[in-house]
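J.: how would this look folded up:
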Amino acid sequence: MENLLLLILFFAILFVILTLYLSKISTKSEIKYIPSVIAALLGVGFFIKAVFFSQTWEDIAFLIFAFIAVVVFFITLITALFIGYKNKKKK
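T.: Below you'll find the predicted structure:
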């Protein structure tokens, strides 16, 4: 169980750093949502793979990957919204 939490934490930190980096280098405000969209697409892709195209125990692994991607999606979305709120408050 702790390995799953470490894996979620690793990918969440990686995607949050990517979100922060994109928000710093870009002047467009929509760019910071790209890691969230990628995580959401990965979650949907893993879920579709698990439900329709997996055999034997493979589907459980893809469902776990989908769960990790959905958690990372929500964390990065909250981060992007917080950055947007913080930048809006500055102006």
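J.: which strands and helices sit next to the longest helix belonging to the chain?
T.: Secondary structure of the chain per DSSP state H: the longest helix is helix 58-90. Counting contacts by 3 or more CB pairs under 8 Å, 6 or more residues apart in numbering; DSSP states H and E, helix 58-90 is packed against helix 2-25, helix 34-52. To be clear about C-beta, it is placed using only N, CA and C from the backbone, and glycine gets the same treatment.
J.: quick check: mean pLDDT of stretch 73-91?
T.: Average pLDDT, stretch 73-91: 89.
J.: roughly how far is that stretch from the heart of the chain?
T.: Averaging C-alpha positions (CA atoms, centre = their mean, to the nearest Å) puts stretch 73-91 14 Å from its chain's average.
J.: related to what we said a few turns ago, what's the most buried one of the helices and strands packed on helix 58-90?
T.: Counting by mean count of other CB atoms under 10 Å, helix 34-52 has the highest mean neighbour count of these, with a mean of 17.
J.: which strands and helices sit next to that one?
T.: helix 2-25, helix 58-90.
J.: okay, now the unreliable bits of this protein?
T.: 91 (pLDDT under 70).
J.: run a quick neighbour tally on residue 74.
T.: By the criterion of other CB atoms under 10 Å, residue 74 has 14 neighbours.
J.: could you do the one 10 residues further on as well?
T.: Other residues within reach of residue 84, judged by other CB under 10 Å, total 15.
J.: does it touch residue 29 like I think?
T.: Yes. In this structure, residue 84 is within contact of residue 29 by CB atoms under 8 Å, at 6.3 Å.
J.: on that earlier part again, now distance to residue 64 too, for the helices and strands packed on helix 58-90, in JSON lines please.
T.: Shown next, in JSON lines, are the helices and strands packed on helix 58-90 (distance: least, CB to CB, whole Å):
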{"stretch": "helix 2-25", "distance to residue 64": "7"}
{"stretch": "helix 34-52", "distance to residue 64": "9"}
